[in-house]
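1. Sequence first, predicted coordinates after that:
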Amino acid sequence: MRTLAPLNASAEVLTGADRGVHVRGPDTAAVLAFRSGADGTGLVVLGPRTQASYLAPADAPRCVTVRLRPGRAKAALGVTMSDLVDRVVSLRDLWGAPADALLNRLAARDDTEVAHGLAGALEERVRAGSAADTARADLVDAAAGLLTGAGRVPEVARELGVSERHLRNLFHDAVGLSPKRYARIHRVRSVLAAAREEPWAELAAETGFYDQSHLSADFRTVMGVPPGAFRAGRLPAPVRCAWSLL
């Protein structure tokens, strides 16, 4: 995983070998993906994901993804994020001909060039926005940072000098999730990133949950299995990757 500035997106490369049975966790961010396989190449957008998915070995041997910061996704993709939650769409459906032109430019490039090409195309769209767009994006990014730091919605709104209603409206438009749901998903992602052998009660305290039962309830809601079952490898049956069906 590497960060691509100044858009502050992050890029990841997956190959067929990486994706035996792949756990794709919930995610507060939108992702732009370049995929290449026996059925051709394509550019797809994965909207924010409110639940985990468990993917069977994919047909595409190569996938380069760019994950967008919450405040920048709407300007970069040109659509309200609430329209993309839990969806996978072709970039062509959002951008039209420019998406085809971008795909043609990247088709024969290596992974690093593809990642930077994707980030560059997104960055151009962000820079084309107005000063008001930039101010709103900065506010969303600031709120997201506070929420991921275990801040509660009323506290975050007060710190940023906005009403809770305004904060919720901004998040619905720019992120596609309520601030509360955004924070819940981030906490579960923090658990997934933590040491697997650590006791659940300690993990709950470290990742912003009230207690272990709070962690267990939220984990099961978004991951589809209790945390103990997940740690033991008792996972739901895998399905085919959604973007391979486009």
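-> Received it, and whenever you're ready, just let me know what you need. Predicted, not measured: the structure shown is a model, and the values here were computed from it.

2. so what's the residue nearest to the spatial centre of the chain closest to, chain neighbours aside?
-> The centre of the chain sits closest to Ala29, judged by Cα atoms, centre = their mean, with a distance of 2.8 Å. Once flanking residues are discounted, Ala29 sits nearest to Arg67: 5.0 Å by Cβ to Cβ, 6 or more residues apart in numbering. Any C-beta I mention is one placed from the backbone N, CA and C, and that applies to glycine too.

3. which residues does the one you found bridge with?
-> Ser10, Val31 (DSSP bridges).

4. Please give the number of neighbouring residues around it.
-> When neighbours are counted by other Cβ atoms under 10 Å, Arg67 registers 20.

5. My read is that it contacts Ala33, right?
-> No. Contact criterion Cβ atoms under 8 Å: Arg67 and Ala33 do not qualify, at 9.5 Å.

6. Could you point out the helix or strand that follows whichever strand or helix holds Ala99?
-> For Ala99, the host element (DSSP states H and E) is helix 97-106. On the C-terminal side of helix 97-106, the nearest following helix or strand under DSSP H and E is helix 111-127.

7. Which positions in that following helix come out as buried?
-> 111, 114-119, 121-123, 125-126 (16 or more other Cβ atoms under 10 Å).

8. Looking at those, spot the one nearest Pro48.
-> Leu122 (16.0 Å; Cβ to Cβ).

9. show me what contacts the nearest residue to Trp95 once chain neighbours are set aside?
-> Spatial nearest neighbour of Trp95, excluding adjacent residues (Cβ to Cβ, 6+ apart): Gly78 at 6.7 Å. Contact partners of Gly78, counting by Cβ atoms under 8 Å, 6 or more residues apart in numbering, are 94-95, 125.

10. could these go into a markdown table alongside pLDDT and distance to Val191?
-> Below are the contacts of Gly78 laid out as a markdown table (pLDDT from 0 to 100; distance: Cβ to Cβ, whole Å):
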| residue | pLDDT | distance to Val191 |
| --- | --- | --- |
| Leu94 | 96 | 32 |
| Trp95 | 96 | 35 |
| Arg125 | 92 | 33 |
